[in-house]
Every structure is written in C-alpha cells, then in structure tokens.
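S.K.: Take this sequence and fold it.
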Amino acid sequence: MATTRGHVLLVEDEPRLLRSFSRQLGDAGFEVTAAAGGPEAMRLLEAGRFDAVLSDLVMPEVDGLSLLKRARELGPDLPVILMSDRTHRRSASRVKAEGAIDFLVKPIDRQTLERAVAQAIRRRRGRVTFRNRRGEDLRVASYKATEVKNAFGRVLDTALRRGAIVITKHDDPKAVLLSWDEFEALTSAPSRQLTTLTGEFDALLARMQTARARTAMQSAFEATPSELGRAALAAARKRG
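M.R.: The predicted structure follows:
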C-alpha cells in the first residue's frame with residue numbers, strides 16, 4: 001500500500017462539501033475516511049485510528065464540539081480541526097479553548113485546507129515520548145523554537161547556550177529545561193553504559209577461554225589445601 005501523508009477523518013453533513021474536501025485532501029496525498037454527520041463520525045472515531053479529525057462545527061444530532069470532546073477522551077493528542085461559515089466565526093476562541101487545534105472559516109481554499117491538516121499531523125508526529133521515573137510512557141508537547149521564544153526567549157536562549165537551566169518556585173527547584181543535546185545524552189546514557197559493560201564482560205570471558213587460563217583453573221581445582229595456602233601467601237607478598 002502506498003505511503004500517505006496521514007489518515008484523516010473528515011466530517012461534513014453537506015454532501016457537496018464532503019465530496020469536495022475529500023477529493024482535495026485525497027489529491028494532496030492524505031488517506032480520507034468520510035463521515036456524513038456526527039453519529040457516523042462517532043462510530044468511526046471509536047472504531048478506527050486517525051492522525052487528524054477535520055469536522056464541521058454545526059451539525060444536527062452530534063455537533064463538532066461533541067465530537068471534539070469525544071476525541072479528547074479517546075486520545076488527548078489527536079488533533080481536531082473544526083470549520084464553519086462566517087456566521088460562527090466568533091466560535092473560534094471557544095473551540096480552541098475546548099482543545100481544537102485550529103478553526104477554519106468556510107469557504108476554504110485548497111491550499112488552506114491542505115496546510116491546516118498537514119500542520120496538525122506534523123505537530124502530532126513531532127511530539128516526543130519517553131518514560132518517567134515510574135516507568136510510565138509520557139508524551140511531551142512539542143513547540144517550535146520561534147513560538148517559545150515569543151514567550152520566554154531569554155530563558156530558551158540560556159538553556160540552548162548552557163545545556164540546562166533550573167526553574168524554581170519560591171526558591172525551590174521545580175523543573176529543569178534541557179537542550180536537545182543534553183536530553184539525548186541523558187536518555188541514551190543507560191544504553192551506552194550497558195554496551196560498555198557488555199564489551200568488558202565479553203573481553204573477560206575471552207581471556208578466560210585461553211589455554212593458559214584453562215590450565216591455571218584446572219590446577220587450582222586440583223591443588224591441595226597446603227598448595228593453595230602457599231599460593232595465597234605468595235600473592236599477598238607480591239602485592240606488598
């Protein structure tokens with residue numbers, strides 16, 4: 001099967017727009033599963049796996065906000081884009097507060113549609129997963145450097161320059177901000193140590209397999225107590 005740019009659940013109760021959006025996204029390289037309304041979208045969302053959801057906001061029975069809330073329950077990191085006409089433009093702030101990653105105002109041109117879906121999927125795939133000290137998998141939110149710099153550029157610049165900074169609250173350390181190089185070094189350190197230990201063990205085992213080592217081991221097993229005592233005394237004197 002050919003590689004796609006991602007699997008999109010498209011939800012639109014207006015047949016003409018459903019066909020149009022589906023064709024445009026398909027032509028742009030996305031795999032599209034189309035739903036003609038909220039109830040069908042709910043069933044598909046709960047049964048399948050998607051990289052993004054693109055849904056109309058205003059629909060009968062199950063609207064876009066209800067679908068958004070269900071998507072948050074099923075997968076907090078699943079990006080949901082809602083869309084509507086200009087009469088609902090004021091809903092943009094509300095749907096983003098509810099967790100939508102974007103809000104598109106109809107009519108939507110091909111470039112805007114493709115860019116919004118591509119950015120949503122790219123942002124999701126760019127997130128990093130690692131295990132915390134309890135062994136639990138955690139997904140770390142990912143932000144562009146320019147976005148972070150707009151909020152705390154000086155802090156980020158310091159972390160990038162020095163490798164790590166400590167964030168405190170009432171003078172007590174609460175968190176650490178690491179550069180990516182330091183993060184990679186920290187997370188890969190155990191595997192490097194294990195590789196080193198494995199190499200040392202293999203080298204020791206190889207030395208034990210030589211003819212001289214086997215002869216010495218055999219002699220030690222066959223030695224009398226007095227011979228072992230003399231050997232131990234000689235070794236102690238040699239070490240001083």
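
S.K.: For the rest of this, base every contact and every neighbour count on C-alpha atoms.
M.R.: Fine.

S.K.: What segments of the protein are strands?
M.R.: Taking DSSP state E as the test, the strands found in the chain are 7-11, 31-35, 52-56, 80-84, 102-105, 128-131, 137-140, 164-169, 172-178.

S.K.: who does the fourth one pair up with?
M.R.: Paired neighbours of strand 80-84 in the sheet (DSSP bridges): strand 52-56 (parallel), strand 102-105 (parallel).

S.K.: what's the answer for the second one, then?
M.R.: According to DSSP bridges, the neighbouring strands of strand 31-35, each with its direction, are strand 7-11 (parallel).

S.K.: L45: which of the strands of the chain is closest?
M.R.: Nearest to L45, of all these, is strand 7-11, at 7.7 Å by CA to CA.

S.K.: Not counting its own residues, what contacts that closest one?
M.R.: 18, 21-22, 30-38, 41, 45, 49-56 (CA atoms under 8 Å, 6 or more residues apart in numbering).

S.K.: quick one: buried residues of that strand?
M.R.: H7, V8, L9, L10, V11 (16 or more other CA atoms under 10 Å).

S.K.: coming back round to it: indicate which one of the strands of the chain is closest to Q209.
M.R.: strand 128-131 (39.7 Å).

S.K.: picking up where we left off before, is it possible to get a markdown table of the strands paired with strand 80-84 that adds mean pLDDT?
M.R.: Below are those laid out as a markdown table (pLDDT from 0 to 100):
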| stretch | mean pLDDT |
| --- | --- |
| strand 52-56 | 94 |
| strand 102-105 | 91 |
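
S.K.: Domain ranges for this protein, per the record?
M.R.: 7-125, 143-178, 180-209, 210-240 (automatic domain parsing).

S.K.: Buried deepest among those domains, which one?
M.R.: Most buried of these, by mean neighbour count (mean count of other CA atoms under 10 Å): domain 7-125, with a mean of 18.
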